[in-house]
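Asks: Provided below for reference: sequence and predicted model.
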Amino acid sequence: MGINNSGELLKELKAHPESFYIVHYSCQSLYDDNEALSPRITSIAIAHFSTEQTVSFSTHSTAEELHINREAVREQFDEVERQLLRGFYSFVRDRRDKYWIHWNMRNLTYGFEHLEHRFRVLGGQDAPVIPVERRLNLNDLLADRYGGDYAKHPKLRSLMEMNGGVHRHVLSGEEEVSAFKNNEFIRMHNSTLSKVGFLHSVVRKMISGKLRTASRGFGIALDRIFESRWAKTVGLLATVIGFGT
């Protein structure tokens with residue numbers, strides 16, 4: 001069974017929070033200035049929604065496990081990236097039936113297909129593919145709930161600014177490209193972790209009705225009211241009174 005709108009998402013999150021993972025990744029430039037035809041994967045982070053535990057796969061930690069020093073990483077990047085993706089798909093293999101919340105990971109340029117493609121290019125076989133109906137684009141679900149104007153472009157960064165500010169570890173796309181060129185792989189990994197942490201908080205705030213957006217409208221205001229603690233308290237009292245009559 002798939003989730004088709006934000007209402008279904010919130011209902012399922014409340015009923016089965018253990019069934020959701022949040023995923024994000026960083027990579028080389030998304031344009032044509034890479035040595036390969038497709039951007040290399042540099043880090044992947046996954047947060048389990050209910051436990052808030054995070055699992056990650058990064059260039060620097062993978063290289064260290066392979067006993068490759070910093071200066072040799074670029075020369076042996078195929079081996080490092082292959083091992084990084086093996087770790088990711090080993091984690092995914094037994095969790096393909098879960099829901100995977102992501103941010104615009106929708107195609108071969110940037111998305112699940114990009115990860116699968118890089119794995120095949122590097123000699124990987126039989127990547128455990130996450131079914132399309134199990135992939136939930138948070139950007140689309142936010143637009144469904146709050147309207148397409150819920151944040152100005154770039155939406156992820158704007159949403160951060162409205163909800164506590166941009167974390168100091170978060171890099172823009174241009175900054176990630178620069179970090180890759182400078183072999184700053186820990187910096188890229190920290191950015192990926194920060195973004196996953198933020199996406200986790202966005203989902204939490206959607207459930208509680210506390211997410212700040214740029215949207216306006218009576219329907220949206222009602223949604224926030226009925227998701228609030230006050231509304232839940234009133235509902236509980238009404239239920240108690242109903243039992244007593």
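Replies: Everything's here; your move. The structure presented is a predicted model; accordingly, all values stated were derived computationally and were not measured.
Asks: got the contact list for N163?
Replies: Residues near N163 by Cβ atoms under 8 Å, 6 or more residues apart in numbering: F198, S201, V202, K205, L211, R212. The way it works is simple: take the backbone N, C-alpha and C, and place the C-beta from them, glycine included.
Asks: whoops, I mixed them up, I186
Replies: Contacts of I186 (Cβ under 8 Å, 6+ apart): S58, H60.
Asks: same deal with the one 5 residues further on?
Replies: S191 sits next to S26, H169, V170, L171, E175, E176, A179 when contact means Cβ under 8 Å, 6+ apart.
Asks: looking at the contacts of N163, which are in strands?
Replies: Under the assignment DSSP state E, the contacts of N163 contribute nothing to strands.
Asks: columns pLDDT on top of those residues, output as CSV?
Replies: Listed next are those as CSV, based on pLDDT from 0 to 100:
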residue, pLDDT
F198, 98
S201, 98
V202, 98
K205, 97
L211, 96
R212, 96
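Asks: just the buried subset of the residues you listed, please.
Replies: F198, V202, K205, L211 (16 or more other Cβ atoms under 10 Å).
Asks: and which of the contacts of S191 is nearest to Y150?
Replies: Among the contacts of S191, V170 lies closest to Y150 (Cβ to Cβ), at 19.1 Å.
Asks: next one: the closest residue in space to that closest one that isn't next to it in sequence from M160, what distance?
Replies: Of all residues not flanking V170 in the chain, S194 sits nearest, at 4.9 Å (Cβ to Cβ, 6 or more residues apart in numbering). Between S194 and M160 the computed distance is 9 Å (Cβ to Cβ, to the nearest Å).
Asks: and V92, by the same measure?
Replies: Where M160 is concerned, V92 sits at a distance of 27 Å (Cβ to Cβ).
Asks: and if you look at A63?
Replies: In terms of Cβ to Cβ, A63 sits 30 Å off from M160.
Asks: so G164 is in which element?
Replies: Counting by DSSP states H and E, no helix or strand carries G164.
Asks: how far away is the residue nearest to it when sequence neighbours are not counted from G165?
Replies: Leaving aside its chain neighbours, G164 sits nearest to S201 (7.9 Å; criterion: Cβ to Cβ, 6+ apart). Distance of S201 to G165, computed by Cβ to Cβ: 12 Å.
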